[in-house]
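Participant: following is a predicted model, sequence given first.
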Amino acid sequence: MFKTIRFPRLRAPAGLTPRKRRAMALCCGLFVLCGALSATAFRRQAAATAAVPDSWGLSFPEEGQPPVGNATPELLASYDACFLGDVGKPVIYLTFDAGFENGCTAPILDTLAAEGVPAAFFLVGNYIADQPDLVRRMVAEGHLVGNHTFSHPDMSRIADPAAFEKELADLEALYLETVGEPMPKVYRPPQGKFSLQNLETAKALGYQTVFWSLAYVDWYTDNQPTREQAMAKLLPRIHNGAILLLHSTSTTNAEILGELIAAYRQMGYEFGDLKDLLSPGRTGD
């Protein structure tokens, strides 16, 4: 991709004093060095940009330790995005994505209330339109409701900033109409699909993008994991600062949530409020 730049051999004009020759040689050397450093910086920036995926992904090199994302925390932070909390503290942030209602959200809310655990729910347009009472209950019980877009598209394919903004703004308007207060400025891309332009646009709109550091395949309603399968995925990979993604459409999640919370607490973890990870003003406070 990159070609080596060969500079011509420079010859000093005749008649220069030794001192001027040395000064000229030094200037030429600095010019070449600056060019080489600029080329190196450009290659690194281009490589980093090329390495950014269009869909969020994780690897778990060591159980019980924070995973490695396919975009670095530093890169995400530059766009006001994150996927982890403080990895120095045994705190878990519980989040749910909801594309529709499957009869599981009320039992989930019951468990959260009984256990005193805060959560964040990332909702789409049809959910808020169809389940206004559940949405109002989430807010009344202190949970965070985040923007999961109005129509749940592949946001990585939306290059037009106006179209991107409309997906968030339409949901904001519906939330305001339903709840009576502005929607918190926290966004999760559907299916974790994103682009750097998406992240930049969300940041410009005042949004903080929140991915996740632990999830499992729980979204197929006709092929739900067993309790044992769920625990085998969710317990060994938990870690400090985890942002845990579950789907509130999952009957398994609704059934095991109380047991899962108790197991995490027995392992020494506490449950934090995702609001505490957001920049000031994102929740309207």
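Facilitator: Done, it's in. Numbering: from 1, shown residues only.
Participant: so who does residue 142 touch?
Facilitator: residue 118 (Cβ atoms under 8 Å, 6 or more residues apart in numbering). Using the backbone N, CA and C atoms, a C-beta is placed for each residue, glycine as well.
Participant: hang on, it is in a helix, isn't it?
Facilitator: No - according to DSSP: H, G, I helix; E, B strand; the rest coil, residue 142 belongs to no helix; its state is coil.
Participant: need the pLDDT of it.
Facilitator: As summarised for this prediction, residue 142 has a pLDDT of 98.
Participant: also the one 5 residues further on?
Facilitator: With respect to pLDDT, residue 147 scores 98.
Participant: that one: neighbour count?
Facilitator: 26 (other Cβ atoms under 10 Å).
Participant: show me what contacts it?
Facilitator: With contacts defined as Cβ under 8 Å, 6+ apart, residue 147 is in contact with 122, 123, 168, 171, 172, 183, 184, 185, 186, 187, 188, 207.
Participant: how far away from the center of its chain is stretch 264-277?
Facilitator: Chain-centre distance of stretch 264-277: 18 Å, with Cα atoms, centre = their mean, to the nearest Å.
Participant: return the set of buried residues in it.
Facilitator: Across stretch 264-277, burial judged by 16 or more other Cβ atoms under 10 Å covers 264, 269, 271, 272, 273, 274, 275, 277.
Participant: related to what we said a few turns ago, which among the contacts of residue 147 gets closest to residue 250?
Facilitator: Distance to residue 250, by Cβ to Cβ, is smallest for residue 122 among the contacts of residue 147, at 14.5 Å.
Participant: quick check: that closest one vs residue 191, distance?
Facilitator: The gap separating residue 122 from residue 191 is 12 Å, by Cβ to Cβ, to the nearest Å.
Participant: pLDDT averaged over stretch 258-267 - what is it?
Facilitator: Computed over stretch 258-267, the average pLDDT equals 98.
Participant: give me the residues contacting that stretch.
Facilitator: 92, 111, 114, 115, 117, 227, 230, 231, 234, 235, 238, 271.
Participant: run the last query once more with 10 Å
Facilitator: Outside stretch 258-267, the residues that touch it by Cβ atoms under 10 Å, 6 or more residues apart in numbering are 64, 90, 92, 94, 107-108, 110-112, 114-117, 227, 230-231, 234-235, 238, 242, 244, 246, 253, 256, 269-271.
Participant: if any of the residues you listed are buried, put those into a PyMOL selection.
Facilitator: Buried residues within the contacts of stretch 258-267, by 16+ other Cβ under 10 Å, are selected in PyMOL with:
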select buried, resi 90+92+94+107+108+111+112+117+230+231+234+238+242+244+246+253+256+269+271
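Participant: narrow the contacts of stretch 258-267 to those in helices?
Facilitator: Among the contacts of stretch 258-267, the residues falling in helices (DSSP state H) are 107-108, 110-112, 114-115, 227, 230-231, 234, 253, 256.
Participant: which one of the residues you listed is nearest to residue 68?
Facilitator: Distances from residue 68 to these, taken as Cβ to Cβ, are shortest for residue 234 (18.5 Å).
Participant: show me what contacts that closest one?
Facilitator: Contacts of residue 234 by Cβ under 10 Å, 6+ apart are 214-216, 218, 225, 242, 244, 246, 253, 256, 260, 263-264.
Participant: for it, give me the pLDDT.
Facilitator: As predicted, residue 234 sits at a pLDDT of 98.
Participant: residue ranges in the stretch 1-150 of the chain under the pLDDT threshold?
Facilitator: Scanning the stretch 1-150 of the chain for pLDDT under 70 picks out the ranges 1-53.
Participant: quick one, strands of it?
Facilitator: Per DSSP state E, counting those that start in this stretch, the stretch 1-150 of the chain carries strands over the ranges 58-59, 68-69, 81-82, 91-98, 120-123, 144-147.
Participant: ranges for the helices of the chain?
Facilitator: 18-51, 73-78, 105-115, 125-130, 132-140, 161-179, 196-204, 227-234, 251-266.
Participant: between the ones you listed, which gets nearest to residue 86?
Facilitator: Closest among the helices of the chain, using Cβ to Cβ: helix 73-78, at 11.5 Å.
Participant: mind listing residues that contact that closest one?
Facilitator: 48-49, 51-52, 56, 66, 69, 72, 81-84, 87, 194, 196, 199-200, 203, 209-211.
Participant: how close does residue 77 get to residue 278?
Facilitator: 13 Å.
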